[in-house]
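Q: Show me the folded form of this:
(2 chains)
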Amino acid sequence: MSPVKKGYIRPVDFRNGRVDMTHGGGGRAMAQLIDELFLAAFDNEWLRQMNDQAVFAVPAACGTNGARMVIATDSHVISPLFFPGGDIGSLSVHGTVNDVAMSGARPLYLAASFILEEGFPLADLKRIVESMARASQEAGVPVVTGDTKVVEQGNGDGVFITTTGVGVVPDGVEVSGSGARAGDKVLVSGTMGDHGVAIMSFRENLEFETSIRSDTAALHGLVAAMIAAVPGIHCLRDPTRGGLAATLNEFARQSGVGIRIHERAVPVRPEVNAACEFLGLDPLYVANEGKLVAVCAAADAARLLAAMKAHPLGADAAIIGEVIEDEHQFVQMETAFGGSRVVDWLSGEQLPRIC
Amino acid sequence: MKYVDEFRDGDLARRISGRLARAVEPGRRYNFMEFCGGHTHAISRYGVEDLLPDGVHMIHGPGCPVCVLPIGRIDNAIELAGRPEVILCTYADTMRVPASERLSLMKAKARGADIRMVYSAADALKIARQNPQREVVFFAIGFETTTPPTALAIVEADRESLGNFFVFCNHVLTPAAISNILESPQVRDIGTVPLDGFVGPAHVSCVIGSQPYEYFAEEYQKPVVIAGFEPLDVMQAVLMLVRQVNEGRTDVENEFTRAVTPEGNVRAKAIVAEVFELRRSFEWRGLGEVPYSALRIKPRYARFDAEAKYGIAYKSVPDNKACECGAILRGARRPQDCKVFGTVCTPENPIGSCMVSSEGACAAYYTYGRFRDLQSDNRKGAKDAKDREEARDVREQVFVERRAELK
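A: The predicted structure follows:
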């Protein structure tokens, strides 16, 4: 458990409370629910690490001495099902492949569960599954088992997909959200907020014209190139719900450090900035599906950046800040304007059903 | 981003900061209130305070539409949303405002009420057209900026003879609130809130123009500089205020000339006058009952008035005892002076309304600025420990109250 829990001291009200949308928003309410319910109930050494995946040793009896594997799972409830740059099918492959890869692992296999709503057009289902198959082929990670369930009309919203992935962690690789140390550098692999804004532009009652496409992509190739260049990467995570802000706050909390970033250094497309401006959003909090955040020792940062930039999915990579000592575990930002401020956890929810 | 980035330029900010540092008279304190939540948000989000000289002190005003909405009005909205035939349409910011019995619109939604978040009154109108079998109520809140779109929606509904669209009107007026602050004993007599001038509203002024402020400048002898919502606007406005104070002037000046004219938006004002009339009195959170400070729907459009249609009875509900929102909205206290700030009261579990909207003084300070105090607390050590202890006592007291409420 994290030592400091400033900011959400009032416990979850399990007697009279109800689940509301903030419990899935990727912000503090979700972190609190995980802490006080799931972590408390399932408590074990793997869960306690609070990563998006669990790395476990293969039992010695299997004859693979010292080998480590990783498992991750992710449910996809995105609305709309089809969006510029992808659909729920490709997203469900990329999401889990990325969660596995963010431990530094090579993803091997996927399992997929479908919850379908009565009345859902089979043509749409076919389109989704074919897109999923294409994404898994491109990633080289086959879907090897699955499950199908149907619920009555009105009890689901078309289709929900849960995918689970397993992978193997190369020897000597120790990546975890708790690995950040004061003095480390913070890097991102590209522009922030593309996925969230692309989804937003397609939402009912919010439609606006934009050329922005979701960045959904499988990142294990990029991760492999990064690990090859700098085997000692400290932290890796894909900033999905809650965006860059959530991921940095998770790192700060897991590692017991502060983080300072520089607004000028954070890559954001002008179109995304403009869309956020008129929707009242902050690109730092908008979801990504094909980007990662990395933390490494300052001495390795230039080498890691070069390796990222050499990969097509890291062409816009940048060093955006550094890890600092801070007992309050704040993520701070030096604004382009010349002032400074906190980059807090997302409070409430910004965009429901973004992935 | 063109027309936006120009007003967030760091180099220009440093230049104005230099001019400000030269303009302030050594040893003199300048206390300016930014009326609008939009300014409060810009100041916090861009770190404007880091660029102001030590002598300049910004006081956050009550210009946050969600913050000034009293609990009783949220209770009314929740009650409306509880009717099975009603779809309640609301701006997202009002969803988390705490109401009576630990409820909020967000929690009412989780319990099954049909509440939809909309970006404008026009969206609510669209929902009414799409759901002829339901009754669609628009929870209209805000200052002069959101009033014209509500008026337009009512006129449009009238033109279409839409029978299932209603407006629960809570629109309030900026000048009345400014008068109320200037008339308050803390400003007028006791001087506990030293006020040397106002940063005037941006978007509100686009609608009402700069003329209405002439009265304050003259009657209360306080300079007003109307400013845009970008951080450079704020800095330039502060510089203009400092110069007025130094020269002993109390003028209305307009920094936001790219959008604000002396007469404002004549067409918007006309449509508001067509649909709305003054209420005799309206309760504001923090300010209490303020005479002629809000609008209601005119008899000519009464069939769209949700208050009449559903016989809404207003009941005033006192704020939580530990909550300082009232004093903060009047500028008499700062967010960090409140004992529940950041401990019991956080953006996830707001006790008071100032912690809800991103324009609220507490939410802005909590989200963007609270590291400043913690950093200075680290140096203070002992005092910090004592404060923490006190905060814990208050926290316990609130928990006890909550538990009692639950029973």
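Q: Please count neighbours and contacts with C-alpha atoms only from this point.
A: Will do.
Q: name the helices or strands packed onto the helix or strand residue A:69 falls within?
A: Residue A:69 belongs to strand A:68-76 when assigned by DSSP states H and E. Other elements packing on strand A:68-76 under the criterion 3 or more C-alpha pairs under 8 Å, 6 or more residues apart in numbering or on different chains; DSSP states H and E are strand A:54-57, helix A:88-101, strand A:159-169.
Q: Quick one, which of those gets closest to residue B:46.
A: Evaluated over the helices and strands packed on strand A:68-76, closeness to residue B:46 peaks at helix A:88-101, with 33.2 Å, by C-alpha to C-alpha.
Q: Okay, buried residues for that closest one please.
A: Residues A:88-101 are the ones in helix A:88-101 that count as buried (16 or more other C-alpha atoms under 10 Å in any protein chain shown).
Q: after that helix, next one along is what?
A: Taking DSSP H and E, what comes next after helix A:88-101 is strand A:106-117.
Q: counting contacts, what elements does the following helix or strand past that next one pack onto?
A: Sequence order places helix A:122-139 as the next helix or strand after strand A:106-117, per DSSP H and E. Applying 3+ C-alpha pairs under 8 Å, 6+ apart, we find helix A:122-139 packed against helix A:88-101.
Q: Same list (the helices and strands packed on strand A:68-76) but as a markdown table, adding distance to chain B and mean pLDDT.
A: Formatted as a markdown table, these follow (distance: least, C-alpha to the nearest C-alpha, whole Å; pLDDT from 0 to 100):
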| stretch | distance to chain B | mean pLDDT |
| --- | --- | --- |
| strand A:54-57 | 29 | 94 |
| helix A:88-101 | 24 | 97 |
| strand A:159-169 | 21 | 97 |
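Q: any chance of the ones you listed in TSV, with distance to residue A:210 too?
A: TSV is the format used below for these (distance: least, C-alpha to C-alpha, whole Å):
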stretch	distance to residue A:210
strand A:54-57	38
helix A:88-101	20
strand A:159-169	26
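Q: Please enumerate the strands of the stretch 151-300 of chain B.
A: Taking DSSP state E, counting those that start in this stretch as the criterion, the stretch 151-300 of chain B contains strands spanning B:165-171, B:197-200, B:224-226, B:252-254, B:276-278, B:281-284, B:288-291, B:295-297.
Q: other SSEs contacting the second one?
A: If I follow you right, that is strand B:197-200. Using 3+ C-alpha pairs under 8 Å, 6+ apart, strand B:197-200 sits against strand B:30-36, strand B:224-226, helix B:231-247.
Q: swap in the first one?
A: Contact analysis of strand B:165-171 by 3+ C-alpha pairs under 8 Å, 6+ apart lists strand B:135-142, helix B:147-159, strand B:295-297, helix B:306-309 as its packing neighbours.
Q: Give the buried residues for the shortest one.
A: By neighbour count, and taking 16+ other C-alpha under 10 Å as the criterion, the buried residues in strand B:295-297 are B:295-297.
Q: Same question for the longest one.
A: Buried positions in helix B:147-159, judged by neighbour count with 16+ other C-alpha under 10 Å: B:147-155, B:157.
Q: Can you show me the CA trace of it as PDB?
A: Output of helix B:147-159 as PDB, limited to C-alpha atoms (Å, rounded to 0.1, in the frame of the first residue of the first chain):
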ATOM      1  CA  THR B 147     -28.600  33.700 -20.000                       C
ATOM      2  CA  PRO B 148     -29.000  34.700 -23.700                       C
ATOM      3  CA  PRO B 149     -28.700  31.100 -24.900                       C
ATOM      4  CA  THR B 150     -31.400  30.000 -22.400                       C
ATOM      5  CA  ALA B 151     -33.600  32.900 -23.600                       C
ATOM      6  CA  LEU B 152     -33.100  31.800 -27.200                       C
ATOM      7  CA  ALA B 153     -34.000  28.200 -26.400                       C
ATOM      8  CA  ILE B 154     -37.300  29.400 -24.800                       C
ATOM      9  CA  VAL B 155     -38.100  31.700 -27.800                       C
ATOM     10  CA  GLU B 156     -37.300  28.800 -30.100                       C
ATOM     11  CA  ALA B 157     -39.500  26.400 -28.100                       C
ATOM     12  CA  ASP B 158     -42.300  29.000 -28.200                       C
ATOM     13  CA  ARG B 159     -42.000  29.300 -32.000                       C
END
